[in-house]
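Asker: Predicted coordinates and the sequence they were generated for:
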Amino acid sequence: MQNEILIEIVTKRMPFGKYQGRLICDIPEHYLVWMYKKGFPEGKLGMWLHTMYEIRVNGLEYLIAELKKRYKPQD
């Protein structure tokens, strides 16, 4: 997994929906599971959400824990 993608996950915000404005890394697992079943959007957003889904369902949160502390989110 590329570090750039992980950095984007901890700095980018959800642009729409129930969790609009929330960092991608802070979107609850149940919502990511729902999106997985429904289908992720196209483009970078879909890649970020799918990556976060894989991190959550596989218990890999440690991959982003340090990055969350190091990088400030972009508004």
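Answerer: Great, that's in hand.
Asker: all contacts plus neighbour counts: C-alpha atoms, from now on.
Answerer: Noted.
Asker: low-scoring stretches of this structure, by residue?
Answerer: 1, 73-75 (pLDDT under 70).
Asker: residues contacting the residue most central in space within it?
Answerer: What sits nearest the mean C-alpha location of the chain, by Cα atoms, centre = their mean, is residue 24, with 3.4 Å. Taking Cα atoms under 8 Å, 6 or more residues apart in numbering, we find residue 24 in contact with 9, 10, 11, 12, 13, 14, 48, 49, 52.
Asker: Check the burial of the fifth one by counting its neighbours.
Answerer: Other residues within reach of residue 13 by the criterion other Cα atoms under 10 Å amount to 21.
Asker: so what's it bridging to?
Answerer: Beta bridges link residue 13 to residue 23 when assigned by DSSP bridges.
Asker: residues of stretch 59-75 that come out buried?
Answerer: For stretch 59-75, the neighbour count (16 or more other Cα atoms under 10 Å) marks 64, 67, 68 as buried.
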